[in-house]
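Undergrad: Give the three-dimensional model of this entry:
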Amino acid sequence: MSEKNTAVKFDHVKKYFTKSTGLFSHSTLKAVDDISFEIKEGEILAVVGESGCGKSTLAKMLCRLHDVTEGHIYVNGEEISGKLSRKKEREFRGKVQMIFQDPFGSLNPAHKVSYIVGRAVELHNPGISKKEVRRKVEELFETVGLTPPTDFMEKHPNQLSGGQRQRIVIARALAVEPSIMVADEPTSMLDVSIGIEIMNLMMELKEKKKLTYLYITHNLASARYMADRMVVIYAGNCVEEGEMEDVLLQPLHPYTILLLNSTPEPFREEQLEIHASEDLPDLTGPMNLCPFSSRCPKASERCRTQKPPVYQVGRRKVKCFLYENAQTEADVKLDAGIYQEAGDAG
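TA: Below is the predicted model of the structure:
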């Protein structure tokens, strides 16, 4: 079986924001600091981390809603992080679409939902007839589970439930027939049962439409339900990357273990324990250190003066000096020692 092509590639991407700290002074906020990873065609990659870690900034850079400060982003082998011509921009919008966190805030309340979805169809199909637009809109409504379409087409967003509005957002995204969907916390504002319905819909569409997903979430349970692989982000840095089950069953980075502690799961026989300081990193300060060093109980003086590189440990990538000499997951307990203290040495 041939290896799948790369749909999305982040190559040493940085995003810095300048903020005012006084009348004549300012500071630089390092929201994303040198992140690299790839998403294969047909894959769902979950980007996980706490609020403010840079997840949504990554999503917005991929959708060209934020410019890249440094580095490169590629979609199907073509760089999209620089300036694009109008033609290339239109082509890009046909490839990458976004499902927003707040379905109500992303829909214009002044328009009927049939117009909202139909307008996307018109913009990407110049010269299409009104009759054909309506047919496509009805088809999209059926695709996202709003049936019969005539019950919904003449309604405004405020007349729909949260789950129905999110289905409209997905229908609008599908109207341009994209190959890549960026889902930024798409279920966080929905009830749990409705959120599961939306996740099931997204996975069904992945198979039917051959979609690739960048799935942004802080919820490890939804990441496990949806994704094939996981990237863990902390303070704008990718600290761990690997197959979903590998990361959940044997987390390597101390921050990943901290995340798992915050959401105990029945699939782990013993809950890992690691107690972190509450000292948050300064995102406006120098980044020549491990960003987790101010909180990590395993941190050494080296962690506070050097930034760890990416270490390949088996199928996993991790940024932590604990794994400097580890080659495989079997070496982890010997080199890191973190599982002995967590009571998982047996």
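Undergrad: what does the average pLDDT come to for the helix or strand hosting K15?
TA: Under the criterion of DSSP states H and E, K15 resides in strand 6-20. Mean pLDDT, computed over strand 6-20, is 93.
Undergrad: and if you look at stretch 203-212?
TA: Here stretch 203-212 scores 96 as its mean pLDDT.
Undergrad: mind listing what's buried in the strand holding K15?
TA: Using 16 or more other Cβ atoms under 10 Å as the test for burial, strand 6-20 gives T6, A7, V8, K9, F10, D11, V13, K14, K15. The C-beta positions use only the backbone N, C-alpha and C, and glycine is treated the same way.
Undergrad: and which of those residues is nearest A221?
TA: A221 lies nearest to V8 out of the buried residues of strand 6-20, by Cβ to Cβ, at 24.2 Å.
Undergrad: The closest one reaches Y74, doesn't it?
TA: Yes: using Cβ atoms under 8 Å, V8 is in contact with Y74, at 7.1 Å.
Undergrad: now the closest residue to R119 other than its chain neighbours: how far from R172?
TA: The shortest distance from R119 to any non-neighbouring residue, by Cβ to Cβ, 6 or more residues apart in numbering, is to H111 (7.9 Å). Relative to R172, H111 is positioned 11 Å away (Cβ to Cβ, to the nearest Å).
Undergrad: check contacts around G42.
TA: The contact partners of G42, taken as Cβ atoms under 8 Å, 6 or more residues apart in numbering, are K4, A7, K206, K210, L211, T212.
Undergrad: Kindly recompute the last result at 6 Å.
TA: T212 (Cβ atoms under 6 Å, 6 or more residues apart in numbering).
Undergrad: Quick check: it is in a strand.
TA: No: counting by DSSP: H, G, I helix; E, B strand; the rest coil, G42 falls outside a strand, being coil.
Undergrad: from now on call the first residue 42
TA: Shifting the count to begin at 42 puts that one at G83.
Undergrad: mind checking how far it is from K50?
TA: Remark: distance between G83 and K50 (Cβ to Cβ) = 15 Å.
Undergrad: what does A276 give?
TA: Here A276 is placed at a distance of 22 Å from K50 (Cβ to Cβ).
Undergrad: Also E218?
TA: 22 Å.
Undergrad: So which residue is dead centre in the protein?
TA: In the chain, the C-alpha nearest the mean C-alpha coordinate belongs to I257, at 2.8 Å (Cα atoms, centre = their mean).
Undergrad: Model confidence for the residue nearest to R160, exactly?
TA: At H152 the predicted local confidence, pLDDT, stands at 96.
Undergrad: do the one 5 residues further on as well
TA: pLDDT recorded at I157 is 96.
Undergrad: Name the SS class of it, please.
TA: Once three-state DSSP is applied, I157 turns out helix.
Undergrad: for it, what are its contacts?
TA: L148, R213.
Undergrad: confidence score at Q381?
TA: The confidence metric pLDDT takes the value 39 at Q381.
Undergrad: what does G112 give?
TA: Reported pLDDT at G112 in the predicted model: 96.
Undergrad: For the stretch 92-241 of the chain, just list every one of the strands.
TA: Per DSSP state E, counting those that start in this stretch, the stretch 92-241 of the chain carries strands over the ranges 111-116, 119-120, 137-140, 221-225.
Undergrad: Including mean neighbour count, could these go into JSON lines?
TA: Listed next are the strands of the stretch 92-241 of the chain as JSON lines, based on neighbours: other Cβ atoms under 10 Å:
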{"stretch": "strand 111-116", "mean neighbour count": "17"}
{"stretch": "strand 119-120", "mean neighbour count": "12"}
{"stretch": "strand 137-140", "mean neighbour count": "23"}
{"stretch": "strand 221-225", "mean neighbour count": "24"}
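Undergrad: Among those strands, which comes closest to A161?
TA: Once these are compared by Cβ to Cβ, strand 137-140 is nearest, at 9.0 Å.
Undergrad: what about that closest one, distance to the chain center?
TA: On the basis of Cα atoms, centre = their mean, to the nearest Å, strand 137-140 sits 12 Å off its chain's mean C-alpha point.
Undergrad: And stretch 133-153, by the same measure?
TA: For stretch 133-153, the distance to the chain centre is 17 Å (Cα atoms, centre = their mean).
Undergrad: what comes into contact with that stretch?
TA: 104, 116, 121, 157, 165, 195, 197-199, 206-207, 210-211, 214, 217, 219-227, 229-230.
Undergrad: tell me which residues in stretch 84-96 are buried?
TA: E84, I85, L86, A87, V88, V89, G90, C94, G95, K96.
Undergrad: Between these, which sits nearest E238?
TA: Checking the buried residues of stretch 84-96 against E238 with Cβ to Cβ, the nearest one is I85 at 16.9 Å.
Undergrad: Could you pull up the residues touching the closest one?
TA: Taking Cβ under 6 Å, 6+ apart, we find I85 in contact with Y254, Y256, M267, A268, D269.
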